[in-house]
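> Okay, here's the prediction I keep looking at, along with the sequence it came from:
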Amino acid sequence: MARKVTNGGGGYRRGPILLRGNQVPTASSSAEFLETERSTDWLDLDPWRVLRIQSDFVEGFGALAEIGPAISVFGSARTPRDSEEYRWAESIGRLLVEAGYAVITGGGPGTMEAANKGATEAGGISIGLGIELPEEQGVNEYVNLGINFRYFFARKTMFVKYAQGFIVLPGGFGTLDELFESLTLVQTNTVRHFPIVLVGQEYWGGLIEWLKREVAGGGKIRPADLDLVRVTDDPVEAVAIVEQYTREANADSEDG
């Protein structure tokens, strides 16, 4: 049974609407959309859902279409502010802006806040793509362009469509979801010249070894597919990798 979350003083956003206290719903739009229907009421409800989905995409496209080159930065919302991972993310946000990129995050706390902080303090475009969830803590204070989405799939489209690459710091299920979706898109040539950089050798090393031993070793992917991702402990190197990919993509465009 879904539990009602008061979400503190920040409130709960359902699209453009702000809800607080006993008005906070027990389920998000995404949860309602995916729930198994027990009656034929969906015949009347789903056409209206299509309009809300359309609104998510239209608002996202309209807000992000002119941001210029950008990199999406992912990582845990639980990253402490006094941790090395927070400092990495803050440096990455700053370095990306200095290299001419906007910074896109999920807009939350932890690693996302750190990357947005680095971008904002460097004078750049600091983007937060929030999501409607009862547990959502709201967009962090370092976002200077924020969008709140009702649906995960619309939000995830924006992370890829308006970015030239991903930099991924240690994180949980949401971070892993974005990582493997991006790997699938690159592996299938759905997106090209799209760097994926993992920051944190100790954190990601075990996963890379498992992919090499079990997944590639078992013939589930090609060994060369592991070359789609780079791993580093150095924020400077992480940003240099995405810059190199951008240069190669621009050269290919000019040759084409």
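On my side now, so go ahead.
> I'd like to know how many residues surround Pro235.
23 (other CB atoms under 10 Å). All C-beta atoms are positioned from the backbone trio N, CA, C, and that covers glycine.
> so what's it closest to, chain neighbours aside?
Nearest residue to Pro235 in three dimensions, chain neighbours excluded: Ser91, at 4.1 Å (CB to CB, 6 or more residues apart in numbering).
> who touches the helix or strand containing the one you found?
Per DSSP states H and E: Ser91 is located in helix 84-98. Helix 84-98 is touched from outside by 71, 73, 75-76, 79-80, 102-103, 110-112, 114-126, 167, 169-170, 199-200, 235-236, 238-239, 242, with contacts defined as CB atoms under 8 Å, 6 or more residues apart in numbering.
> Report the contact partners of Leu211.
Leu211 neighbours (CB under 8 Å, 6+ apart): Ile221, Leu226.
> circling back: so which bits of the helix holding Ser91 are buried?
For helix 84-98, the neighbour count (16 or more other CB atoms under 10 Å) marks Glu85, Tyr86, Trp88, Ala89, Glu90, Ser91, Ile92, Gly93, Arg94, Leu95, Leu96, Val97 as buried.
> how near is the fifth one to Ala249?
The spacing between Glu90 and Ala249, counted by CB to CB, to the nearest Å, is 27 Å.
> For whatever helix or strand Phe61 lives in, buried residues please.
Element membership of Phe61 [criterion: DSSP H and E] is helix 42-64. Neighbour-count burial for helix 42-64 flags Ile53, Ser55, Asp56, Phe57, Glu59, Gly60, Ala63, Leu64 (criterion: 16+ other CB under 10 Å).
> per-residue pLDDT, the last one?
Spelled out, that is Leu64. Predicted confidence (pLDDT) for Leu64: 95.
> repeat for the first one
Listed pLDDT for Ile53 reads 89.
> for Ser72, what are its contacts?
Contact partners of Ser72, counting by CB under 8 Å, 6+ apart, are Ile104, Thr105, Phe159, Val160, Ala163, Gly165, Phe166, Ile167, Glu178.
> among those residues, which are in helices?
Using DSSP state H, the members of those that fall in helices are Phe159, Val160, Glu178.
> Any idea which helix or strand in the protein has the lowest mean pLDDT?
Lowest by mean pLDDT, DSSP states H and E among the helices and strands of the chain is helix 29-34, with a mean of 64.
> can you pull out the strands in this protein?
For the chain, the strands defined by DSSP state E cover 12-14, 17-19, 70-74, 102-105, 126-131, 145-149, 166-168, 196-199, 229-232.
> sorry, back to before: helices or strands up against the helix holding Phe61?
For helix 42-64, the packing partners by 3 or more CB pairs under 8 Å, 6 or more residues apart in numbering; DSSP states H and E come out as strand 145-149, helix 152-161.
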